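[1] Sequence and computational prediction follow.
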Amino acid sequence: MVTRSVLALILLASVVFSKPTISANPGVVNAATLIPAGFPNSGVAQGSIFTLTGSGLGPANLVEAESFPLPKTLGGTTIKITVGNTSVNAIMLGATDAQVAAVLPSSTPTGSAKLVLTYNGSASDPITFQVVKNSFGAFTLNSRGYGTAVTTNAKNQLVTLLNSAKPGDTVNVWSTGLGAVSGNEAAGPLPGNLSKLQLTAWVGGKQATVSYAGRSQCCAGLDQVTIKLPAGVQGCFVPTVLQVGGVTSSFPSIPIAPNGGTCSDPAGISAALLQKAATGQNMNIATILLSRFTANLANLPLIGNVAISEDAGSAFFYDYSAYEFLGSRGVTALNAFGSCSLWQCSGPTCVPDQQSQSLSGLDAGASVNLTGPNGAMKLAKASTGNYGASLGGGGIPGLTDNPPPYLDPGSYAIKGPGGNIVKAFSTNLTVSSSPISFQAVQSGSTVAQCCSTSTLTGGTISRNADLQLSWSGGDPKGYVAIVGTSTTDSPQVTGSFACLVQNSVGKFTVPSWVLFGMPKSGTLSQAGINISNGFLLMGSYPNFATFNAPGLDFGFVGSLVLSGTNEEYQ
């Protein structure tokens with residue numbers, strides 16, 4: 001059954017034993033989204049499934065609660081949660097040494113909570129988290145909170161890149177975090193439509209009809225949301241978002257095609273790649289990306305307007321099983337054509353890429369070598385299959401010692417010397433200069449204008465209102481990428497959204513429910529100058545070209561050039 005499979009996705013077996021130690025990152029999180037503390041949609045909802053990771057949390061081999069009534073102690077593991085003067089025991093679903101999954105009882109009060117895990121009489125140090133009314137998220141095929149959502153069609157078949165849904169279809173999204181229910185969750189399933197929820201769904205940026213939102217008929221904490229897909233949406237990675245009680249969910253995707261079957265994107269994933277995935281064979285895939293991000297800062301003290309460009313290069317060579325590819329983000333995470341995606345990460349950056357701990361890297365040699373208008377550079381080998389480098393820039397001209405930017409427009413030769421798996425290869429890439437000028441308006445006021453120095457402005461972007469953009473320039477036949485980033489001070493987390501729109505349209509509105517998931521901007525300091533740690537950028541979508549190499553099934557290479565303004569997300 002799908003529901004049993006979802007619970008199996010949550011838990012990973014381990015063979016290490018130690019005193020219970022709970023990892024602070026990500027901490028206590030929604031089992032579907034894994035969103036860390038610091039975001040508006042983090043926290044664990046009453047009645048939802050949550051996870052912990054660490055060591056010494058349970059037995060070496062996975063123990064699952066296989067039938068009702070569900071226990072409060074499983075394999076020697078017990079979890080106690082305290083909010084104020086109220087303490088409850090979690091309802092256990094599964095436990096291993098490295099990870100535990102449980103249901104937070106619906107009776108748990110909201111607010112700051114303290115959790116203590118005890119295994120075989122040994123207690124962990126307490127860890128804090130927020131108990132909230134609603135924190136919805138769909139489970140995903142890769143169990144990492146992003147990528148294709150665990151969704152079934154009317155025939156109870158899993159919806160995948162090879163078995164897409166159709167516009168107008170009714171699908172079930174398997175999830176957790178809708179909120180509390182009445183009754184004894186440990187005693188048995190508590191299905192029923194939670195009709196009082198303030199719930200809105202969007203698929204591909206269009207509002208969708210929800211006919212059921214409540215617990216599943218099989219399991220505690222596992223929600224079922226039944227959605228009728230709107231007309232006019234299609235693609236391999238169509239973002240699917242719910243807002244429950246004013247709180248926006250994570251941004252998983254659903255594959256949608258006009259006639260079902262294998263999906264397609266207007267400028268992304270290739271039919272040949274999906275056809276090979278359909279055979280069930282492993283695939284050796286490489287993605288090489290050269291990027292330039294330019295932040296235009298307005299009216300700095302004693303400096304005035306200044307542009308800071310930062311160049312980078314990355315190359316990933318991985319062995320995908322068909323299942324791993326079908327659960328991935330695809331060739332590039334920039335794939336929400338006609339709508340927006342959002343990523344939420346711990347740390348100072350949140351740039352989605354292909355790197356994944358579950359994938360096997362492919363040795364392509366000691367480095368990947370670049371030759372362009374400004375000479376030669378290398379993408380150094382960080383680990384097997386993972387290559388990257390800063391390619392210059394990143395500092396305030398005249399005030400910092402950063403090397404100059406490297407990726408000026410022109411032709412670049414990209415060569416690999418070859419390794420044990422991927423042999424020597426050579427390809428070419430043209431980095432073009434297609435500047436885009438844009439204006440962003442919110443609630444009738446201009447909050448960004450870029451990128452001519454005579455019209456450069458930056459400002460404050462509210463996370464609770466729509467953001468209207470208009471632009472000119474770029475490739476008239478291609479797509480434009482609208483990208484926003486914001487990083488907090490403490491805890492340091494970063495949110496990034498990306499919207500892909502046909503350039504010829506010339507305007508687009510980033511909805512407030514996208515901006516809601518961004519964290520409030522902190523402060524970025526450089527050369528004694530403090531600015532808000534948020535940006536709004538635009539550029540042409542990187543249409544990926546293919547290249548061949550012995551040992552690869554598919555190779556993709558592209559460039560991404562974005563330019564924009566410094567913003568404060570509030």
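    Happy to help now that I have it. Predicted model only: the values in this text are computed from it and were never measured. Numbering: from 1, shown residues only.
[2] And stretch 156-165, what's buried?
    158-165 (16 or more other Cβ atoms under 10 Å). Every residue, glycine included, has its C-beta placed from N, CA and C.
[3] Could you look up the SS state of the closest residue to residue 187 other than its chain neighbours?
    Distances taken as Cβ to Cβ, 6 or more residues apart in numbering place residue 69 nearest to residue 187, at 5.2 Å, with adjacent residues excluded. Three-state assignment for residue 69 (DSSP: H, G, I helix; E, B strand; the rest coil): coil.
[4] Let me know the pLDDT of residue 69.
    pLDDT recorded at residue 69 is 98.
[5] so how far is residue 138 from it?
    With distances taken as Cβ to Cβ, to the nearest Å, residue 69 is found 27 Å from residue 138.
[6] unless I'm mixing things up, the residue nearest to residue 187 is touching residue 186, no?
    Yes - contact criterion Cβ atoms under 8 Å: residue 69 and residue 186 qualify, at 5.2 Å.
[7] and residue 304, how many neighbours does it have?
    11 (other Cβ atoms under 10 Å).
[8] just to revisit the earlier point, out of residue 69 and residue 138, which sits in the more crowded spot?
    Each of residue 69 and residue 138 has its neighbours counted (other Cβ under 10 Å); residue 138 has more, 28 against 13.
[9] Let's see which of the buried residues of stretch 156-165 end up in strands.
    Of the buried residues of stretch 156-165, none are assigned to strands by DSSP state E.
[10] Can you give me the buried ones in the strand or helix carrying residue 293?
    In this assignment (DSSP states H and E), residue 293 forms part of strand 283-300. Buried residues in strand 283-300, counted by 16+ other Cβ under 10 Å: 283-298.
[11] Need the three-state assignment for the residue most central in space within the chain.
    The chain has residue 343 as the residue nearest its centroid, 3.5 Å off, counting by Cα atoms, centre = their mean. Assigned with three-state DSSP, residue 343 falls in the strand class.
[12] Could you look up the next helix or strand downstream of the helix or strand of the chain with the lowest mean pLDDT?
    Among the helices and strands of the chain, helix 2-10 carries the lowest confidence by mean pLDDT, DSSP states H and E, at a mean of 49. Scanning forward in sequence from helix 2-10 by DSSP H and E, the next helix or strand is strand 21-22.
[13] Contacts only, for residue 469.
    Applying Cβ atoms under 8 Å, 6 or more residues apart in numbering to residue 469 gives the contacts 438-441, 482, 507-510, 538.
[14] Dump the residues you listed into JSON lines; add distance to residue 214 as well.
    Listed next are the contacts of residue 469 as JSON lines, based on distance: Cβ to Cβ, whole Å:
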{"residue": "438", "distance to residue 214": "43"}
{"residue": "439", "distance to residue 214": "44"}
{"residue": "440", "distance to residue 214": "39"}
{"residue": "441", "distance to residue 214": "39"}
{"residue": "482", "distance to residue 214": "35"}
{"residue": "507", "distance to residue 214": "39"}
{"residue": "508", "distance to residue 214": "34"}
{"residue": "509", "distance to residue 214": "32"}
{"residue": "510", "distance to residue 214": "31"}
{"residue": "538", "distance to residue 214": "41"}
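[15] Can you convert these into a markdown table and add a column each for secondary structure?
    Below are the contacts of residue 469 laid out as a markdown table (three-state DSSP):
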| residue | secondary structure |
| --- | --- |
| 438 | strand |
| 439 | strand |
| 440 | strand |
| 441 | strand |
| 482 | strand |
| 507 | strand |
| 508 | strand |
| 509 | strand |
| 510 | strand |
| 538 | strand |
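[16] and which of these is nearest residue 257?
    residue 508 (23.6 Å; Cβ to Cβ).
[17] Residue 499 is in contact with the closest one, correct?
    Yes - with contacts counted by Cβ under 8 Å, residue 508 reaches residue 499, the gap being 6.3 Å.
[18] any residues in contact with both of these two?
    Counting by Cβ under 8 Å, 6+ apart, the contacts common to residue 508 and residue 499 are residue 482.
[19] Between the two, tell me which one has more neighbours.
    More crowded of residue 508 and residue 499, by other Cβ under 10 Å: residue 499, with 28 against 22.
[20] Quick check: beta-bridge partners of that one?
    Judged by DSSP bridges, the bridge partners of residue 499 are residue 340, residue 482.
[21] residues in contact with residue 291?
    Residues near residue 291 by Cβ under 8 Å, 6+ apart: 311-314, 407, 559-562.
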